[in-house]
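In: sequence first, then the predicted structure:
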Amino acid sequence: MDNLKRSFTTSHELVNSSRNINKEAIEKSDLESIASYLNDPFSSGLWHLCGEWNSNSEFSMSIWNEILKEIGDKDFIEIKSGKRSRKLKVDENWKKEIKDIVCNSVSFMFTIFSYLASDDTATDENTESYSSVHEVIQLILDLIELDEVKENNMAAFEYFKKEIWFKEFNPFIYSNHLFRLKTGAVICSSRPQNEEDILLISWSGKPLKNLNEFLQILGKINKSSLMPIFSPEEEVFAPYFDLLEISYSYIVKQEHLKPLFDKSIKQFKEQNFSDCVSAIGLIAEDLLTQVYETFFRTQLNKGLTLGQLTDEITIKVNSLFDKKIETPPNFSGLYDEIKYSLESEDSKDIAALENIRSLLTMTIANNKYFSKKVDDLGKPKSKISIFTDRVLFSINELIRFRNASSHKSRIPIGPYEATRSIYSLMVFLMWWDNEKRNIDWEKSAEDIIRETVSRNSNK
């Protein structure tokens, strides 16, 4: 189990219960921030809080020592909770698990201080999202004196109540899922920088600053750093699938695409990266088909690849903008004019001047034609597309990775390629969702295409 899970979700029960994602933690402001990140991680960036986790802090060890005094040398202990009484076997494995929770679980600390804050403000304890692990933590709480914990950690308690706790506060933290503090949402990353570090991320510095302060008061974090990250790419992209997982059901409006998103996320977690990219490619094919059939009002043949779909759209769009083919001046007619002038009985001087004028006019036109041809050789052919440059680049990247996942290239498919693929897809999907809102549907299909090309040509 990696250090981050050790720090936040130590109990086996707690790790398993992380499957029950707390979707109520996602608010409109969260979705807007997550959507902004998914569309352009390099622009929005993410705040990182990292530092060394202190398992043996004075706070943790004082609680653990109190538990040891309570259980003594007993082989069994009896715990009373309400009307129930349980007899629990005390062995080394049990002690190890309990100590792990006491020393390495923020959920445990949050539960203690949340209980005290609820009691201090006469607020009902929020248990709606509690899982079976609550029973394990409750067992620990039954073994210690909470009033003493409060008295010995008054500064931490006051800070927690003021800056972190709120009425609907849920103390349980699951790896890669949102949890909400009073000042905003945070997500636990499952990718610590090294074995000793913990890493938490947010799109706002405020909740991380509050969490950092709380952990420092308790002595649970050392050498912490808090800053926004815009580079390198590996760090910026690290939580991409995690944030997508908790938000795609809200951001993706088309229900028939959601199972494919679910599949791609599942395959990524299971490290089946080729299958992940294949699922992403199927979503992209569906979106390109939508683009074609929406703009051109005709059904597209099924079974086309991403590349073929893109080519079909490009060809159809460019056909509306085909320019008249330019040709050089035809000098052959001038010979007939000269011959006619020589054989005519009219003034040869006037005829000669007319022929010279025609020759000069055609020569100038001929020079312009070939000069333009020479200039065009050094210029890239102007692109006509309904897509912005960024979206077109994303589509081409999707084609490349999809082909690689289908064994059509030598590009290896790993977590980086899978993440770049889903990022490219989200750029395309969000552009398409926005583009549909920008279209004036009262206009003809051809006018819509021309306006779309014009709107996106400089983006």
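Out: Cool, the structure landed.
In: C-alpha from now on. contacts and neighbour counts both.
Out: Will do.
In: hang on, K223 in a strand?
Out: Yes: assessed with DSSP: H, G, I helix; E, B strand; the rest coil, K223 lies in a strand.
In: what helix or strand is the closest residue to it other than its chain neighbours on?
Out: The shortest distance from K223 to any non-neighbouring residue, by C-alpha to C-alpha, 6 or more residues apart in numbering, is to G51 (5.3 Å). Following DSSP states H and E, the helix or strand that holds G51 is strand 46-53.
In: show me the domain layout of the protein.
Out: 3-237, 252-321+384-456, 332-377 (automatic domain parsing).
In: count the neighbours of N366 for me.
Out: Around N366 there are 17 other residues, counting by other C-alpha atoms under 10 Å.
In: which ones are touching F321?
Out: I384 (C-alpha atoms under 8 Å, 6 or more residues apart in numbering).
In: same question for L116.
Out: With C-alpha under 8 Å, 6+ apart, L116 has these contacts: 146, 150.
In: beyond the helix or strand hosting it, next helix or strand please.
Out: Per DSSP H and E, L116 falls inside helix 106-120. Helices and strands here follow DSSP H and E; after helix 106-120, the next one along the chain is helix 133-143.
In: ok and that following helix relative to helix 106-120, angle-wise?
Out: 70 degrees (axes from the mean of the first three to the mean of the last three C-alpha atoms, to 10 degrees).
In: what about the stretch 51-200 of the chain, any weak spots by pLDDT?
Out: Residue ranges of the stretch 51-200 of the chain with pLDDT under 70: 79-86, 121-135, 189-196.
In: and A185, which of the three is it?
Out: strand.
In: now name the helix or strand holding I265.
Out: helix 258-269.
In: show me what that helix is packed up against.
Out: helix 240-251, helix 273-296 (3 or more C-alpha pairs under 8 Å, 6 or more residues apart in numbering; DSSP states H and E).
In: for the ones you listed, which one sits closest to I229?
Out: Nearest of the helices and strands packed on helix 258-269 to I229, taken as C-alpha to C-alpha: helix 240-251 at 13.5 Å.
In: for the closest one, list every residue counted as buried.
Out: 240-249, 251 (16 or more other C-alpha atoms under 10 Å).
In: separation between Y174 and A284?
Out: Relative to A284, Y174 is positioned 31 Å away (C-alpha to C-alpha, to the nearest Å).
In: so for those two, which sits in the more crowded spot?
Out: Of the pair Y174 and A284, A284 is the one with more neighbours under other C-alpha under 10 Å, namely 27 against 24.
In: okay but the more buried one is in contact with L306, surely?
Out: Yes: assessed by C-alpha atoms under 8 Å, A284 is found in contact with L306 at 7.3 Å.
In: sorry, back to before: ok, the buried residues of helix 240-251 vs T388, which is closest?
Out: I251 (21.1 Å).
In: hang on, isn't the closest one packed against A35?
Out: Yes: using C-alpha under 8 Å, I251 is in contact with A35, at 7.2 Å.
In: so S55 sits in a strand?
Out: No: assigned with three-state DSSP, S55 falls outside any strand and is coil.
In: that one: what's it in contact with?
Out: 103-104, 220.
In: out of the residues you listed, who's nearest T310?
Out: After measuring the contacts of S55 against T310 - C-alpha to C-alpha - the closest member comes out as N104, at 51.5 Å.
In: that'll do, ta.
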